[in-house]
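Next input, structure requested:
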Amino acid sequence: MSFPCPTITSLKHSLQTKLEEYKVALEEVRETGTVGSVQRLRIIEVELETLKTTIEEELNKAGYTLEEVTTLSTNYEHPDGKLETITFDLEATLKDFKSFYSTHGIPVPKDFAPKMRKIFNDNQTEIEDAIKTKGFNKMILVPGNLSLTDIAEKMKMEKGYWLGESFKNTGGFAGVIETTHTENHRLILVHDAKELTLRPELASTLKITGTDAQNHNPLSLTDYLVLAKHYYTKTGKHLDTNNSTWTSNIASVTFIVVTWVDSDKALNVYAYIPSCSYDNLGVRPSAVFT
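Predicted structure coming up:
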């Protein structure tokens with residue numbers, strides 16, 4: 001994106017340079033763990049925070065809001081103590097998802113991009129906190145008021161879907177009640193791990209009941225289908241081939257569970273009672289901003 005004056009453009013370049021320094025310093029901490037390397041990392045963190053404040057001040061002087069700042073970078077400390085720098089670039093993500101939706105015949109409203117920029121701007125502190133505490137490292141953008149039956153059709157992969165009897169008996173996709181935010185344009189933070197077992201934050205949810213899963217802000221079925229198809233488009237691989245995942249959706253008095261089954265070449269969709277739990281059944285937590 002273009003910036004409103006030479007001063008801010010210069011600051012942008014300084015920020016990019018400092019971020020590169022930070023990546024190098026972080027790698028040194030991972031490799032050596034010396035006191036000196038950690039101190040250097042902390043110094044760069046302070047310098048980055050100072051640059052951020054200066055950019056905000058210059059934008060305000062030029063009559064621009066923080067809506068013009070579309071890159072956010074912060075740290076996450078993994079359960080094993082390793083540090084990861086997680087960066088979200090809103091403009092790149094917008095371009096990616098607008099192309100994705102266009103390719104699959106999903107109309108994107110004119111107010112989608114402006115709304116995403118406003119959400120990103122208004123919730124920067126909350127987004128940073130979600131990264132720092134939960135380690136979310138993927139951002140997906142979903143338009144509001146999508147038809148689940150239409151999305152299910154357009155998000156098909158390989159042979160499409162295998163529907164469990166309990167799910168079919170409640171009306172299939174047409175019988176699902178979307179319970180969370182689906183009427184709104186939304187920015188969603190998730191983990192990009194292919195399997196729940198590949199990240200401890202996800203693996204810790206295995207054996208969870210459907211009732212308890214709802215406390216982890218599971219994805220709606222619409223949002224899960226978007227995430228799964230987007231992941232497949234980018235990697236050629238399927239999410240959750242070894243585990244099943246609760247969603248936030250209700251069909252009759254049951255919750256919806258999804259898993260990809262390679263032998264079926266299809267996404268299997270079930271309706272389970274809320275008290276149900278299995279060793280390989282967990283949840284993908286999310287943070288949703290509208």
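
can you give me the helices in the stretch 51-200 of the chain?
Listed in chain order, the helices of the stretch 51-200 of the chain (DSSP state H, counting those that start in this stretch) span residues 90-103, 112-122, 124-134, 148-154, 165-169, 200-203.

Need those in CSV (columns: mean neighbour count).
Any C-beta I mention is one placed from the backbone N, CA and C, and that applies to glycine too. What follows is the helices of the stretch 51-200 of the chain, written out as CSV (neighbours: other Cβ atoms under 10 Å):
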stretch, mean neighbour count
helix 90-103, 16
helix 112-122, 18
helix 124-134, 16
helix 148-154, 17
helix 165-169, 16
helix 200-203, 17
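
Mind putting those helices into JSON lines with distance to residue 276 and mean pLDDT?
Supplementary listing: these in JSON lines, determined by distance: least, Cβ to Cβ, whole Å; pLDDT from 0 to 100:
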{"stretch": "helix 90-103", "distance to residue 276": "33", "mean pLDDT": "97"}
{"stretch": "helix 112-122", "distance to residue 276": "34", "mean pLDDT": "91"}
{"stretch": "helix 124-134", "distance to residue 276": "25", "mean pLDDT": "94"}
{"stretch": "helix 148-154", "distance to residue 276": "22", "mean pLDDT": "97"}
{"stretch": "helix 165-169", "distance to residue 276": "11", "mean pLDDT": "94"}
{"stretch": "helix 200-203", "distance to residue 276": "19", "mean pLDDT": "96"}
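
can you tell which of the ones you listed is closest to residue 290?
Residue 290 lies closest to helix 112-122 among these, at 6.8 Å (Cβ to Cβ).

wait, doesn't residue 97 sit right on residue 140?
Yes. Look at residue 97 against residue 140 with Cβ atoms under 8 Å: they come within range, at 7.1 Å.

Quick check: neighbours shared by those two?
Counting by Cβ atoms under 8 Å, 6 or more residues apart in numbering, the contacts common to residue 97 and residue 140 are residue 230.

who wins for proximity to residue 184 among the helices of the stretch 51-200 of the chain?
Among those, helix 112-122 comes nearest to residue 184, with 8.6 Å by Cβ to Cβ.

quick one, that closest one and helix 124-134 angle?
For helix 112-122 against helix 124-134, the angle between stretch directions is 70 degrees (axes from the mean of the first three to the mean of the last three Cα atoms, to 10 degrees).

just how off-centre is helix 112-122 within its chain?
Relative to its parent chain, helix 112-122 has a centroid offset of 15 Å by Cα atoms, centre = their mean, to the nearest Å.

So which other helices or strands are in contact with that helix?
Packed against helix 112-122, as judged by 3 or more Cβ pairs under 8 Å, 6 or more residues apart in numbering; DSSP states H and E, are the following elements: helix 90-103, strand 186-190.

wait, which of the ones you listed is closest to residue 261?
Of all the helices and strands packed on helix 112-122, it is strand 186-190 that lies closest to residue 261, at 21.6 Å by Cβ to Cβ.

In JSON lines, list the helices of the stretch 51-200 of the chain along with distance to residue 178.
As requested, those are arranged in JSON lines below (distance: least, Cβ to Cβ, whole Å):
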{"stretch": "helix 90-103", "distance to residue 178": "18"}
{"stretch": "helix 112-122", "distance to residue 178": "18"}
{"stretch": "helix 124-134", "distance to residue 178": "22"}
{"stretch": "helix 148-154", "distance to residue 178": "6"}
{"stretch": "helix 165-169", "distance to residue 178": "15"}
{"stretch": "helix 200-203", "distance to residue 178": "23"}
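
nearest to residue 223, of those helices?
Distance to residue 223, taken as Cβ to Cβ, is lowest for helix 148-154 among the helices of the stretch 51-200 of the chain, at 9.4 Å.

Residues in contact with that closest one: which ones?
Against helix 148-154 from outside (Cβ under 8 Å, 6+ apart): 104, 105, 106, 161, 173, 174, 176, 178, 221, 222, 225, 226.

run the last query once more with 7 Å
With contact meaning Cβ atoms under 7 Å, 6 or more residues apart in numbering, helix 148-154 is reached by 104, 105, 106, 173, 174, 176, 178, 221, 222, 225.

For ChimeraX, write the selection for the buried entries among those residues.
Filtering these down to the buried ones (16 or more other Cβ atoms under 10 Å) takes a single ChimeraX command:
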select :104,106,173,176,178,221,222,225
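
Kindly indicate which of the contacts of helix 148-154 lies nearest residue 31.
Set against residue 31, the nearest of these by Cβ to Cβ is residue 225 (40.1 Å).
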